[in-house]
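Visitor: 3D, please:
(one chain, ligands or ions: 1)
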Amino acid sequence: MKYTLAIHGGAGTIDPNKMTPAKEVAYRTGLMNALQAGEKILASGGSSLDAVEAAVITLENDALFNAGRGSVFTHDGKHEMDASLMRGDTLEAGAVAGVRGVQNPITLARAIIEKSEHVMLCRDGAEAFAKSIDLPFQDEEYFFDAFRHEQWQQALKENVIQLDHADDKKFGTVGAVALDSHGNLAAATSTGGMTNKRWGRAGDSPIIGAGTYANNQTCAISCTGHGEFFIRAVVAYDISCLIEYKGMSLQQACDFVVKDKLVKFGGEGGLIAADVHGNLILPFNSSGMYRGWLKNDVPPTVRIYKD
Ligand code: ASP
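Guide: Numbers count the residues shown, from 1 in each chain. From the prediction side, this is the model:
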């Protein structure tokens, strides 16, 4: 039985000198838990869609990461979350932007595929839909994280809108891509976005083709990085197009987009990518990316820095 799974917990300036051993263990454990949640499904013949959702839920529930619980603060001191998910067999996709209080935005994104006739729902409307199908909500306290609060206070003081990637800051957009034993790909991404964001700002994470894409003919991609650049470079679909129309391998397409095109464009970040041949590529142009992977014949592995 052939399957693969890769996950990320955000890319950015990750300085090993500022990482305490305890913090590093916590990150590694969080990533490992997500890999295990996905592998349990894949190893028993489950779908890649179930696997990426399970992995992302695990990361959303972990306050270390900037998604679900532990999401960054908006300018108004709230948490507004974005998420999307796509299946490679049918090209069906679901996305939510700017939702508040929803415990697991990725599950809401999936419900949009399965329980609505739409692809993307935003803010109040998305919340009303989540309530109509009885998805769990949590109060503000659940999403609160002391470090994020401090980050927000600092950003307010400096009057900046801060990516969760800046030096010495907590990282955290999360994502997963998988190939299941039936030969189907899926991708999922979830985030709290940028600290001190306002005016309903949404990044690339909820945008199909920018932050997330899956197509059995090409690849499954989940991105993390400076969303504005990833939207303008249509990163996830660009990689798929290079494979489909130019005949590039997954590795070639990822290297070109992340290490050449995005760098020239000024877009810092990275992504995780899978194809139907069992390849997994996890490129980034920042100093680090919280990431992990496994295959049916490769044990779960997690990495943080360039190595
Ligand atoms: N891409 C996300 C955004 O711009 C942030 C991240 O990946 O950490 O909202």
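Visitor: which stretches of the stretch 151-300 of the chain form strands?
Guide: Across the stretch 151-300 of the chain, reading from the start of the chain, the strands by DSSP state E, counting those that start in this stretch fall at 174-179, 185-191, 212-214, 220-225, 269-274, 280-281, 288-295, 298-305.
Visitor: and the helix or strand containing residue 125, which residues are buried?
Guide: Using DSSP states H and E, the secondary-structure element containing residue 125 is helix 123-132. Of the residues in helix 123-132, those buried under the neighbour-count criterion (16 or more other CB atoms under 10 Å) are 126-127, 129-130. Heads up, the C-betas are built off the backbone N, CA and C, glycines and all.
Visitor: In the chain, where is pLDDT below threshold?
Guide: By pLDDT under 70, the weakly predicted segments of the chain are 162-171.
Visitor: and with 50 instead?
Guide: Counting by pLDDT under 50, the chain has low-confidence residues at 165, 168-170.
Visitor: on that earlier part again, of all the strands of the stretch 151-300 of the chain, which one is nearest residue 119?
Guide: If you check each of these against residue 119 by CB to CB, strand 212-214 wins as the nearest, at 11.5 Å.
Visitor: tell me which residues of the closest one are tucked away?
Guide: With burial defined by 16+ other CB under 10 Å, the residues of strand 212-214 counted as buried are 212-214.
Visitor: now for the longest helix along the chain, which elements pack on it?
Guide: Among the segments of the chain that qualify as a helix by DSSP state H, the longest is helix 21-43. Under the contact criterion of 3 or more CB pairs under 8 Å, 6 or more residues apart in numbering; DSSP states H and E, the helices and strands touching helix 21-43 comprise strand 4-12, helix 48-60, strand 174-179, strand 288-295, strand 298-305.
Visitor: Just put the ones you listed in JSON lines and tack on mean neighbour count and distance to residue 255.
Guide: Converted to JSON lines, the helices and strands packed on helix 21-43 look like this (neighbours: other CB atoms under 10 Å; distance: least, CB to CB, whole Å):
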{"stretch": "strand 4-12", "mean neighbour count": "30", "distance to residue 255": "15"}
{"stretch": "helix 48-60", "mean neighbour count": "28", "distance to residue 255": "23"}
{"stretch": "strand 174-179", "mean neighbour count": "34", "distance to residue 255": "17"}
{"stretch": "strand 288-295", "mean neighbour count": "24", "distance to residue 255": "15"}
{"stretch": "strand 298-305", "mean neighbour count": "15", "distance to residue 255": "17"}
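Visitor: For residue 205, which of these is the nearest?
Guide: Nearest to residue 205 among the helices and strands packed on helix 21-43 is strand 174-179; the distance by CB to CB comes to 7.9 Å.
Visitor: before we move on, back to that, which strands and helices sit next to the helix holding residue 125?
Guide: In terms of contact count using 3+ CB pairs under 8 Å, 6+ apart, helix 123-132 is assigned the packing partners strand 93-99, helix 105-115.
Visitor: Tabulate the buried residues of helix 123-132 in JSON lines, adding columns for distance to the ligand.
Guide: JSON lines is the format used below for those (distance: CB to the nearest ligand atom, whole Å):
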{"residue": "126", "distance to the ligand": "16"}
{"residue": "127", "distance to the ligand": "19"}
{"residue": "129", "distance to the ligand": "22"}
{"residue": "130", "distance to the ligand": "20"}
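Visitor: hmm, which two among the residues you listed are most spread apart?
Guide: Comparing the members of the buried residues of helix 123-132, the greatest separation, given CB to CB, is between 127 and 129, at 7.3 Å.
Visitor: circling back to that earlier point, and the angle from the helix holding residue 125 to helix 105-115?
Guide: 70 degrees (axes from the mean of the first three to the mean of the last three CA atoms, to 10 degrees).
Visitor: which of the residues in stretch 200-207 are buried?
Guide: Going by neighbour count (16+ other CB under 10 Å), the buried part of stretch 200-207 is 201-207.
Visitor: what sits up against the helix holding residue 125?
Guide: 80, 96-102, 108, 111-112, 116, 121, 137, 200 (CB atoms under 8 Å, 6 or more residues apart in numbering).
Visitor: Throw together a ChimeraX command that grabs the buried residues out of those.
Guide: In ChimeraX, a selection of the buried entries from the contacts of helix 123-132 looks like this (16+ other CB under 10 Å):
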select :80,96,97,98,99,100,101,102,108,111,112,121
